[in-house]
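*Asks:* mind folding the following:
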Amino acid sequence: MLACVVLLPWALAATDLDKTQSLAQERYGSAAAETVAAWRRLINEGAHLSEPDKLARVNDFFNQRILFESDMTIWQQNDYWATPLETMGRGAGDCEDFSIAKYTTLLLMGVPNERLRLIYVRARIGGASSTKSEAHMVLGYYQQPTDEPQVLDNLIGSIRPASSRPDLTPVFSFNSSGLWASGTTARWAIPRCACPAGATCSSACERTACDANTSFQGSAA
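*Replies:* Numbers count the residues shown, from 1 in each chain. Here you go, the predicted model:
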């Protein structure tokens, strides 16, 4: 799955928003097409906003328009990473789908890739003192690589600094530039390690390219 996200900017470079709009109507109907139209307006109108405003607009857009559902409910699969078109088309997604959609949209709005990471965490259910946790994914925004990130999460409406989310324990993070493993000295400013080489592009990655009117084959480095 990481190999897919590594190639996202390649697909985004040739994104055809008219094609995405057409696919939304063709595959999912008028309601999905209206959501994609609103998404396009968000991208166009928000391109010149400050980065904090872009984060807020994108976080609100997906948290307010997309319902949380499990992959089993939506796709009848235990784990399925949907493209933004699929998420908007179904009007529902799980935490990975929210994070990928927000990541993709912010890239399209001009936020530098190096400031964004999808972060795999353990989320304590019932608050920071709970002993029960489950796998979860959020999007992190780093003004500088070693800064404390701002956390965009589908579970809460506001964007908060990581220090205000003691219920989340980071495990690893990634974007199209590489993979970061959780560090021992800095809980959220995660030191970089090598991204796995030679991983075969997944079907999820190929769906992203198809939705962007792009075709490619090969492996991620």
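
*Asks:* which parts of the longest helix seen in the chain are buried?
*Replies:* Longest helix of the chain, by residue count under DSSP state H: helix 30-46. In terms of neighbour count (16 or more other Cβ atoms under 10 Å), helix 30-46 has its buried residues at 32, 33, 35, 36, 39, 42, 43, 46. From N, CA and C alone the C-beta is placed, and that goes for glycine too.

*Asks:* if I pick residue 152, what's in contact with it?
*Replies:* Residue 152 is in contact with 55, 58, 59, 99, 102, 138, 139, 140, 141, 159, counting by Cβ atoms under 8 Å, 6 or more residues apart in numbering.

*Asks:* between those residues, which sits nearest residue 165?
*Replies:* residue 138 (8.3 Å; Cβ to Cβ).

*Asks:* doesn't that closest one belong to a strand?
*Replies:* Yes. Counting by DSSP: H, G, I helix; E, B strand; the rest coil, residue 138 is part of a strand.

*Asks:* next, the buried residues of stretch 138-157.
*Replies:* 138-142, 147-154.

*Asks:* just those: which are in strands?
*Replies:* Among these, the ones falling in strands (DSSP state E) are 138, 139, 140, 141, 150, 151, 152.

*Asks:* format those residues as JSON lines; extra columns: pLDDT.
*Replies:* Shown next, in JSON lines, are those (pLDDT from 0 to 100):
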{"residue": "138", "pLDDT": "97"}
{"residue": "139", "pLDDT": "97"}
{"residue": "140", "pLDDT": "96"}
{"residue": "141", "pLDDT": "97"}
{"residue": "150", "pLDDT": "97"}
{"residue": "151", "pLDDT": "97"}
{"residue": "152", "pLDDT": "98"}
